[in-house]
Every structure is written in C-alpha cells, then in structure tokens.
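Student: for reference, the sequence and a predicted model appear below.
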There are 2 protein chains.
Amino acid sequence: MAETIDRDGTGGRRERKKAATRQALADTALRLFLERGYEQVGVREIAEGADVSVSTLFNYFPQGKEALVFDEDARNEAALIRAVTDRPPGQTIPHALRAHLTGFVDSAHTRDPRFADFQRLVKETPALREYSRTMWLRHEHALARALADQTGRPHGDLICAAYARFTLETLAFAGSRPDPAAAIDQACLLLDQGWTTTVAHHDPEPGRPAPAPSPTG
Amino acid sequence: MAETIDRDGTGGRRERKKAATRQALADTALRLFLERGYEQVGVREIAEGADVSVSTLFNYFPQGKEALVFDEDARNEAALIRAVTDRPPGQTIPHALRAHLTGFVDSAHTRDPRFADFQRLVKETPALREYSRTMWLRHEHALARALADQTGRPHGDLICAAYARFTLETLAFAGSRPDPAAAIDQACLLLDQGWTTTVAHHDPEPGRPAPAPSPTG
DNA sequence: CTCCAAATATACAACCGTTTCAACTTTGCC
DNA sequence: GGCAAAGTTGAAACGGTTGTATATTTGGAG
C-alpha cells in the first residue's frame, strides 16, 4: 500500500498529526497568553483548548509551559552559528554577529505583525524573558568554539568564551531597553572594541577556518 | 520604663527573636541542602527543622526557597557600588571592579571553609545559579548610574548600562567555569579594553564625582 | 496586673506546574 | 486479522506558593 512509505520520517500520516497537534498547542497557548496574559492562563486550559490531555501537552513540550511560546523561535537558533562560520569573505566576526543580532530585533517591525505581539509578550513576562535568555545561552559553547576555530585560538579559550557569552547576553540586554536596536548597537560597540583590541588583527580567511584540527565536540 | 526604648528598632526583644528565627531558618536550610542536595529537601522539612510553620517560613523569605541560601550574601551586595564610587584615587573604574569581583571569588579559598561549600552548592544547583545571577543583576541600574556619574556621561547612557550588565554577568560566567578567577580575569580584560577604548580618556578625579547634579533615585 | 490593639504565627486548604503510572487507543506493518 | 510499538489519556500525586481565617504573642496603657 501507499501508506508503507516511512515509519517515522516526515511524510507519514502519524508525523503529520503530531505536527498538527504540536502546532495547535503552540497556537492556542500564544492566543490565550496574548488575550489574558501569561500568568493568567493555566496549562490545563491550554490542553483543553487544543483538545488534548495535560499529559500530552507535557509530552510535546517537556521543557515546560514557557516552551509553548518559543516553538518556532527554537528552529532559528542554529542560524547564529552559521552567521559566524558562513559570513561573507572579508566581513569580520563582530560585524557578522552584530548584523545577525540587529536582524533579529528588527524583524519585529518588518515581518509578521504577530511577531511584534510575541516580542511584547516575552518582554513583559519575566518567566519568558528568563527562558528566552537561557535558550540563547545554550549556544554559548558552540559560538565560543566557532570563534576559536575562526581565529585560530585554542578551544576553551576564555576570551572567546566570554565574548560569546556577552554577545548572547546582548539580546536579553537589548530586550530590557526601550530602544533595543540602539542597545544592541552600543553593546556590540563595546564588545567589538574589546574583542579587536584583545584578539588583535587578522582573522584568517573567513570562508574556511583553519584546516579544522579537531572536528570533535 | 526601660522597655519602652524602641518599638521596632534594633534593640527590642521582638526584633532579636525575629532575627533568631530568620537565622534558624537559613541555617537549617543550608545544612540540609549541603547534606542531601537542594532538590532533595522540601520547604516543609526546613520549616519543621527550624520549628516554625511553612507560612512563617514564607513570611520571612517571600522571595522563595532559593532566598534561604542567600540571606547573608544579600547584605554584601551594595558593596559593589561602593567599590566604584569609593575607589582609591588614581584607580580606574575597571580596576576597581575587577578587584572587587576577584575578591569575591577568592574568598572561597581564604575565608570561612563553610563559604566554599556554599559556593559549591550554588554552582551545582541550577535554580540557585539562576537566583544568584538575577540577584546581582538587580544592581545593573545602580552600577550604570554610578559609572555615568563618575565619567560625566549622561544618565541612561547605553555604554555604561552595557558595561554594567556585562560586568555583573561576569560573576555568573566565572561561576560556570572550572577556574573562576581566570575567567574573571579574561572577561574583565575583554570588557576593560572595550570600555577604555570606547569611553576613552580621563575619568574625572575619582574621590568625588561631578558635583552630583541629581541626588534622587 | 490587666486589658487592648497591633503584629506575628499557625493550621489548613487550595492552586499551579509538573511527573508518574497504569490503562486504553491508535498506528504501522506482517 | 492481529501484533507490537507508539501515542494518548485520566487521575493521582508532589512540591512550591498563596490565601484565609484563627490563634498566639507582644508592647504599651490604664
């Protein structure tokens, strides 16, 4: 039969239903949160709204209530590492990062009008702010390693680690400010000055890092 | 009569009892946490150990379970602002901050042996790490203002705000590293380079800031 | 000493997010 | 059709936290 395509790939009916349920949960959650505020909506109500049980809700979002809101966002996170490693030739690392960060906060105005609402919700809900921040911070190690690779510094280098940490923290910092774009600008200015003065000179050719001495984690 | 000294000051018996209860709560909490781990001890048990009800526990520590551990720490926080404003003449702001931060992490070795245990507990308990970090971050505004005052920059200046944020974040960053002292060193190096390059030149005479144009909060 | 009013402490029940678990249902496949 | 794996479910439980209504304690006044 035609159903025998893949037991767990992206094409099966099962997977489609799962995706639909997941989406239904995220959608109703966001809708209710925007209507009445994050704290005023319980997970029981969300589950009911998506017509599943609470167990199922937590089966889909084991990270908890906050994760319901960042379902889409979580996909774009890896892009940050690529922004460094795949940056156009001649562009410095600080410029690549700054561009990526500002691109992220600018999309509030240009893109989806719902996206602005989403960002406002996060900005005004402490639990969501915290969650967003720690989400980004999960990439600290990856970013630090990318920086080390690209500059030829040793893995575990503390300057790279600190620069990675502060760069990611910049998003949370910007979110706490009336003008996020300006905040990113200034924060990056501060960090970039420190970075270039400390690391000094020449990143090697950006397209490829050094011959990738250790591809492991 | 002699008892009519102060109804709510520091000398009354009432206040002494309150302080004792508070201390008993913090002490038993820390002891139990160290014995069996933060997550393995419930607030009901802590209250029982200090011989009070759970309601009373939350009456003394409305910020929640985590606050039980940081009772003493909370008192020393204001010292950070003083480290900037009261720094010895001729010392730059970055140096004052770096000294204060390293002083904080070094006391793990020199001072109280219990302090090392305390720091290990915080380091190994995510909830406590988070709490500690947000505790420090509460001083972001105060530190930023102090920096602005001392450098003659306008209040709300984003460079000062970012530098304050990152400096405070440095403590959490250091805590997540195998060698915290080295981490503070490198993070401060990075930040200081950025700070001095960006703010450039002359802090005014350190002893007094500019003639304190607005003493308000 | 006695009594009052305010401040504190208490027990108890509720609420919320989250986890667990044993049953039940669906799904993909033979 | 039937089997095993995967997914769903409801209900119960847990731990932190908050309310509430009721004591208990305290300082001070008569």
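Tutor: Looks like it arrived, so ask away.
Student: show me which positions of stretch A:179-191 end up buried.
Tutor: Residues of stretch A:179-191 classed as buried: A:180, A:183, A:184, A:185, A:186, A:187, A:188, A:189, A:190, A:191 (neighbour count, 16 or more other Cβ atoms under 10 Å in any protein chain shown). Using the backbone N, CA and C atoms, a C-beta is placed for each residue, glycine as well.
Student: figure out how far that stretch is from the centre of its chain.
Tutor: Once both centres are worked out by Cα atoms, centre = their mean, to the nearest Å, stretch A:179-191 turns out to sit 18 Å from its chain's centre.
Student: what pLDDT, on average, does it get?
Tutor: Taken as a whole, stretch A:179-191 has an average pLDDT of 96.
Student: any chance you could list what contacts that stretch?
Tutor: Here stretch A:179-191 makes contact (Cβ atoms under 8 Å, 6 or more residues apart in numbering or on different chains) with A:94, A:97-98, A:101-102, A:105-106, A:163, A:166-167, A:170-171, A:173-174, A:177, B:158-159, B:161-163, B:165-166, B:190-191, B:194-195, B:198.
Student: out of these, which are buried?
Tutor: Here, 16+ other Cβ under 10 Å leaves A:94, A:97-98, A:101-102, A:105, A:163, A:166-167, A:170-171, A:173-174, A:177, B:158-159, B:161-163, B:165-166, B:190-191, B:194-195, B:198 buried among these.
Student: tell me, what residue is most central in chain A?
Tutor: residue A:77 (3.4 Å; Cα atoms, centre = their mean).
Student: would you confirm that that residue contacts residue A:137?
Tutor: No. At 10.8 Å, residue A:77 does not count as touching residue A:137 under the criterion of Cβ atoms under 8 Å.
Student: what about chain A, any weak spots by pLDDT?
Tutor: Scanning chain A for pLDDT under 70 picks out the ranges A:1-11, A:108-111, A:201-217.
Student: show me what from it comes close to chain B.
Tutor: Listed as neighbours of chain B in chain A under the rule Cβ under 8 Å from any Cβ of the partner chain: A:130, A:134, A:158-159, A:161-163, A:165-166, A:169-170, A:173, A:177, A:182-183, A:185-187, A:189-195, A:197-198.
Student: which stretch of helix or strand covers the nearest residue to residue A:45 once chain neighbours are set aside?
Tutor: Counting by Cβ to Cβ, 6 or more residues apart in numbering or on different chains, the nearest residue to residue A:45 once its immediate chain neighbours are dropped is residue A:32, at 6.7 Å. Using DSSP states H and E, residue A:32 sits in helix A:13-36.
Student: and that helix, how far out from the chain's middle?
Tutor: That offset, for helix A:13-36, works out to 20 Å (Cα atoms, centre = their mean).
Student: how far away is the one residue in chain A that gets nearest to DNA strand C from chain B?
Tutor: Of all residues in chain A, residue A:64 sits closest to DNA strand C, at 2.6 Å by Cβ to the nearest atom of the strand. As judged by Cβ to the nearest Cβ, to the nearest Å, residue A:64 and chain B stand 13 Å apart.
Student: how about residue A:99, what does it touch?
Tutor: residue A:83.
Student: element containing it, please.
Tutor: Secondary structure assignment for residue A:99, by DSSP H and E: helix A:93-110.
Student: using PDB, write out every CA atom in that helix.
Tutor: Only the C-alpha atoms of helix A:93-110 are listed here, as PDB (Å, rounded to 0.1, in the frame of the first residue of the first chain):
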ATOM      1  CA  ILE A  93      33.300  38.300  13.100                       C
ATOM      2  CA  PRO A  94      31.900  41.200  15.200                       C
ATOM      3  CA  HIS A  95      30.200  42.600  12.100                       C
ATOM      4  CA  ALA A  96      28.600  39.300  11.300                       C
ATOM      5  CA  LEU A  97      27.300  38.900  14.800                       C
ATOM      6  CA  ARG A  98      26.100  42.500  15.100                       C
ATOM      7  CA  ALA A  99      24.200  42.100  11.800                       C
ATOM      8  CA  HIS A 100      22.600  38.900  12.900                       C
ATOM      9  CA  LEU A 101      21.500  40.400  16.300                       C
ATOM     10  CA  THR A 102      20.100  43.500  14.800                       C
ATOM     11  CA  GLY A 103      18.400  41.500  12.100                       C
ATOM     12  CA  PHE A 104      16.700  39.600  14.900                       C
ATOM     13  CA  VAL A 105      15.300  42.600  16.700                       C
ATOM     14  CA  ASP A 106      14.400  44.500  13.500                       C
ATOM     15  CA  SER A 107      12.200  41.700  12.300                       C
ATOM     16  CA  ALA A 108       9.800  42.900  14.900                       C
ATOM     17  CA  HIS A 109       8.900  45.900  12.700                       C
ATOM     18  CA  THR A 110       9.200  44.500   9.300                       C
END
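Student: residues contacting residue A:194?
Tutor: Residue A:194 touches A:163, B:189, B:190, B:191, B:192, B:193, B:194, B:195, B:197, counting by Cβ under 8 Å, 6+ apart.
Student: in this structure the fifth one contacts residue B:163, no?
Tutor: No. Taking contacts as Cβ under 8 Å, residue B:192 lies outside contact range of residue B:163: 9.3 Å.
Student: mind checking the SS state of residue A:178?
Tutor: coil (DSSP: H, G, I helix; E, B strand; the rest coil).
Student: what backbone torsions are found at it?
Tutor: phi -60, psi -40 (degrees, to the nearest 10).
Student: now do the contacts for it.
Tutor: By Cβ under 8 Å, 6+ apart, residue A:178 has no neighbours at all.
Student: so the residue in chain A that chain B sits nearest to is in which element?
Tutor: Closest contact between chain A and chain B, by Cβ to the nearest Cβ, is at residue A:194 (3.1 Å). Residue A:194 belongs to helix A:180-199 when assigned by DSSP H and E.
Student: and the angle for that helix with helix A:93-110?
Tutor: Helix A:180-199 and helix A:93-110 meet at an angle of 170 degrees, taking axes from the mean of the first three to the mean of the last three Cα atoms, to 10 degrees as the criterion.
Student: tell me the helix or strand right after the helix holding residue A:99.
Tutor: helix A:113-124.
Student: quick one: that following helix near DNA strand C?
Tutor: No. Helix A:113-124 lies apart from DNA strand C when judged by Cβ under 7 Å from any atom of the strand; the minimum separation is 14.5 Å.
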